[in-house]
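Asker: Pasted the sequence and its predicted model underneath.
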Amino acid sequence: MGKMTRRQFLTRVGGCAGYLAASGMFSTLNSGFAWAASSCTNNRKVLVHLFLDGGLDSASLLIPRNVNAYFDKRPNIGIANPIALNANFGLHPALVNVAGMINGGGGAVINKVGYPRPNRSHEESKLIYSRAIRSTGASINTGWAGRFGDTYCVGKNNIASLFSFRGAVEDLRANQFVPTTSGSLQSYGYTNDNVSANDSRFRRYAIRDNRILQPGQNDQQTLVNNSWGVIDNSVATIAQVNSSYTSPITYANDGLSQRFRDAAKLIKHPDANPSVILLSQGGFDTHGDELTSLQNLFTNLDRAVGAFFNDLTNMGRAQDVQLHVYTEFGRNTFENSTEGTDHGHGTCALVLGGTVNAGVHGPAYEENDFANLEFLPSVVDFREILSESIAEHLGVDPTPIFPEAFTRVGLNLIG
């Protein structure tokens, strides 16, 4: 929900009421912005989707332990002291909490993830991940999360069903369902109108007492009043979710940690019942000084993930929530002249929490990957990971969400 002042809202409503009523927009608005204790699925499970923007160098997150060519091609940025996952793989040493979940049976990392005919453009590749459609010129222009909303959330009257802290990304594009977007729970709502010192009080009275638009005058005004009331109630409800949250877990003050904290607030509130929550973190386009950049990025990521799952455990919801971590593409197998890596193909993905078959999935690294290839291959289609979780974790049929056929390798990821 984008912010606008009271004055802007009144102006826009007055000018658009006739069009909105004629187009049926208000019925969608009422459906998308209402609040009720109902979930899109029947099991109260939650899928949290974290996108690492920029293109993650997977060979610096999931490190080969027995491939000599890895250090030959990465003399300055190769990770020499990973946390062991098994005889063949290790995890970046900053990812202590993530490694603990994988080694403790609560997480999985999938190697050589991507999609057919890899694309090294940020925008094109992100669009493919957002739509879960390889052909960006296809007639289907909705996002995977939007199709989930269209299929399973319409009519549920729950403002938190599909909540994005990433903004209005292409993942959300839908035909009917209206997802909720906000940078944070704290910022959800109206902005202040500097013209009136009593903006908040005036707005509240105007809406709730119908001083601006009297109901019953005509159908358009009635629809405007009803929708306005739904929006105001949604703002008040999100404020209540935000203010009622208590937890003994301390989150860091960085942006990613605070977005995870807001996700925990939605999950904890008994009436919110989110099904899908979208998060993101930038900075992974590491063309230079990758060693330092990833040390900082992975430290922040691990700290945020650790606090989040500790919070979920404290509230008794750890098995109900599954976190997926993706990126738009991988990077070169070798370091460049500025001790970074450039855009590549295959990468890795993480699935943490819920009921997961823990460990490393997907093909192993080979000497040839680093000795002779410019890019890691894309073997595991990211849609196989996402669709398996939608089926086995959220408990709904993923077929309507993935209309384009893709090849599966048979991960058996979700136990």
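Answerer: Sure, I can see it.

Asker: give me phi/psi at Gln375?
Answerer: Not quite, residue 375 is Phe, not Gln. phi -130, psi 150 (degrees, to the nearest 10).

Asker: I figured it hits Pro118, correct?
Answerer: Yes. At 7.4 Å, Phe375 and Pro118 qualify as touching, with contact defined as Cβ atoms under 8 Å. All C-beta spots, glycine's among them, are computed from the backbone N, C-alpha and C.

Asker: shared neighbours of these two, anything?
Answerer: His345, Gly346 (Cβ atoms under 8 Å, 6 or more residues apart in numbering).

Asker: where do the strands sit along the stretch 301-415 of the chain?
Answerer: Ranges of strands in the stretch 301-415 of the chain, per DSSP state E, counting those that start in this stretch, are 321-327, 347-352, 359-361, 380-381.

Asker: can you give me the angle the longest one makes with strand 347-352?
Answerer: With axes from the mean of the first three to the mean of the last three Cα atoms, to 10 degrees applied, the angle from strand 321-327 to strand 347-352 works out at 170 degrees.

Asker: so for the helix or strand that contains Leu297, what's the average pLDDT?
Answerer: Per DSSP states H and E: Leu297 is located in helix 290-314. Across helix 290-314, pLDDT averages out at 98.

Asker: tell me which residues in it are buried?
Answerer: Residues of helix 290-314 classed as buried by neighbour count (16 or more other Cβ atoms under 10 Å): 290-291, 293-294, 297-312.

Asker: number of nearby residues for the nearest residue to Gly146 once chain neighbours are set aside?
Answerer: Using Cβ to Cβ, 6 or more residues apart in numbering and skipping residues adjacent in sequence, the residue nearest Gly146 is Ala174, 3.2 Å away. Residues within reach of Ala174, counting by other Cβ atoms under 10 Å, total 22.

Asker: go on, Val379?
Answerer: 15.

Asker: And for it, nearest residue in space, chain neighbours not counted?
Answerer: Nearest residue to Val379 in three dimensions, chain neighbours excluded: Lys112, at 4.2 Å (Cβ to Cβ, 6+ apart).

Asker: The residue nearest to the spatial centre of the chain pairs with what?
Answerer: In the chain, the centroid-proximal residue (Cα atoms, centre = their mean) is Leu278; its distance is 2.4 Å. With DSSP bridges as the criterion, Leu278 is bridged to His49, Ser164.

Asker: can I assume it is in contact with Thr180?
Answerer: No. Using Cβ under 8 Å, Leu278 is not in contact with Thr180, being 10.3 Å away.

Asker: Between the two, which contacts overlap?
Answerer: Contacts common to Leu278 and Thr180, judged by Cβ under 8 Å, 6+ apart, are Leu162, Phe163, Ser164.

Asker: can I get those residues in CSV with distance to Asp219, pLDDT and neighbour count?
Answerer: Shown next, in CSV, are these (distance: Cβ to Cβ, whole Å; pLDDT from 0 to 100; neighbours: other Cβ atoms under 10 Å):
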residue, distance to Asp219, pLDDT, neighbour count
Leu162, 29, 94, 27
Phe163, 31, 95, 28
Ser164, 32, 96, 21
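
Asker: okay if I get those residues as TSV plus distance to Gly340?
Answerer: Shown next, in TSV, are the shared contacts of Leu278 and Thr180 (distance: Cβ to Cβ, whole Å):
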residue	distance to Gly340
Leu162	35
Phe163	34
Ser164	30
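
Asker: ok, the residues you listed vs Arg383, which is closest?
Answerer: Leu162 (18.4 Å; Cβ to Cβ).

Asker: Touching, that closest one and Phe177? I think so.
Answerer: Yes. Counting by Cβ under 8 Å, Leu162 does reach Phe177; the two are 6.9 Å apart.

Asker: what touches both of the two?
Answerer: Gly149, Cys153.

Asker: thinking again about what came up before, what about the residue nearest to Gly146, distance to Tyr365?
Answerer: 39 Å (Cβ to Cβ, to the nearest Å).

Asker: Also Phe260?
Answerer: From Phe260 to Tyr365 the distance is 30 Å (Cβ to Cβ).

Asker: now do Ile249
Answerer: 36 Å.

Asker: Between the two, tell me which one has more neighbours.
Answerer: Tyr365 (23 against 16).

Asker: list the contacts for the more buried one?
Answerer: Applying Cβ under 8 Å, 6+ apart, the residues near Tyr365 are Ala59, Pro64, Val67, Tyr70, Asn88, Phe89, Asn111.

Asker: Would you list the phi and psi of the fifth one?
Answerer: Recorded main-chain torsions at Asn88 are phi -100, psi -20, according to degrees, to the nearest 10.

Asker: That one: neighbouring residues, count only.
Answerer: Using other Cβ under 10 Å: Asn88 sits among 16 other residues.

Asker: Am I right that it is in contact with Ile63?
Answerer: No. At 9.9 Å, Asn88 and Ile63 do not qualify as touching, with contact defined as Cβ under 8 Å.

Asker: Test my guess that Ile401 contacts Ser387.
Answerer: Yes. The criterion here is Cβ under 8 Å, and Ile401 meets it with Ser387 at 7.1 Å.

Asker: Now do the helices in this structure.
Answerer: 6-23, 25-33, 68-73, 96-103, 122-131, 144-152, 199-208, 219-244, 255-268, 290-314, 367-371, 382-392 (DSSP state H).

Asker: how about TSV for those helices, with distance to Thr338 added?
Answerer: Compiled in TSV, the helices of the chain are given as follows (distance: least, Cβ to Cβ, whole Å):
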stretch	distance to Thr338
helix 6-23	46
helix 25-33	46
helix 68-73	15
helix 96-103	27
helix 122-131	19
helix 144-152	35
helix 199-208	50
helix 219-244	43
helix 255-268	26
helix 290-314	9
helix 367-371	19
helix 382-392	29
